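[1] Below: sequence and its predicted model.
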Amino acid sequence: MTRILRETIANLLIVGFCFVMLIWAIPTYTPPHPGYGASPALVANVAVGIMMVMAGLSLVRLLLARFAGKTLPPAEGQFPEEAQSTGFTQVGRVNLPHLGRFIIPSVLLVVVIEYLGYVPAAFAFLMVIQYFIGSRKWLQMTVLSIILVAVMYVIMRYGFGVPVPGPELFE
């Protein structure tokens, strides 16, 4: 099985899954709209819609490559057996400490957000993630974290009318 065929099948499955989610699953399992704020299905519809569009675009690219008889460029090769170069590849190698640096703070964010609230938990999360990706400029990290947390708080709380988890800071 060629890479183009594998990716075509995978993208068809993703598009099909998204279609089922948009047509049946989200409308069936979403609670009724309370009449104020954003619809409970808004975030799910947007997320699944974006996934469907991205998979659809990838599918169009793959189908064009398949019908034109072209191969995908080796620079994009995810499978070493199909790559033309003998260069170093990270395929098949998992760096568990690196993965843990992102998974552990994400899990802690979900737990801590209920006790501390959105603002301090999200601020701490962003500071930790920035540190783990190599940033050591504390002023820049702090300013960026404050701005991102404030923008997301305002968008979610006042733009969409969705209450953020944890205790309310501004009423």
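    Noted; the coordinates are in hand.
[2] Let me see the ranges of the helices in the chain.
    Ranges of helices within the chain are 3-20, 26-29, 42-68, 96-116, 118-132, 138-154, based on DSSP state H.
[3] The shortest one - contacts with which helices or strands?
    Looking back up the chat, that one is helix 26-29. Judged by 3 or more CB pairs under 8 Å, 6 or more residues apart in numbering; DSSP states H and E, helix 26-29 is in contact with helix 42-68. Bear in mind the C-beta positions are built from the backbone N, C-alpha and C, glycine included.
[4] Name the residues of the helix it packs on that are buried.
    By 16 or more other CB atoms under 10 Å, the buried positions in helix 42-68 come out as 44-45, 48, 52, 55, 58-59, 62, 65-66.
[5] Pick out whichever of those sits closest to Leu5.
    Proximity of the buried residues of helix 42-68 to Leu5 (CB to CB) peaks at Arg66, which lies at 7.7 Å.
[6] coming back round to it: deepest of the helices of the chain, which one?
    Ranked by mean neighbour count, the helices of the chain are led by helix 118-132 with a mean of 18 (mean count of other CB atoms under 10 Å).
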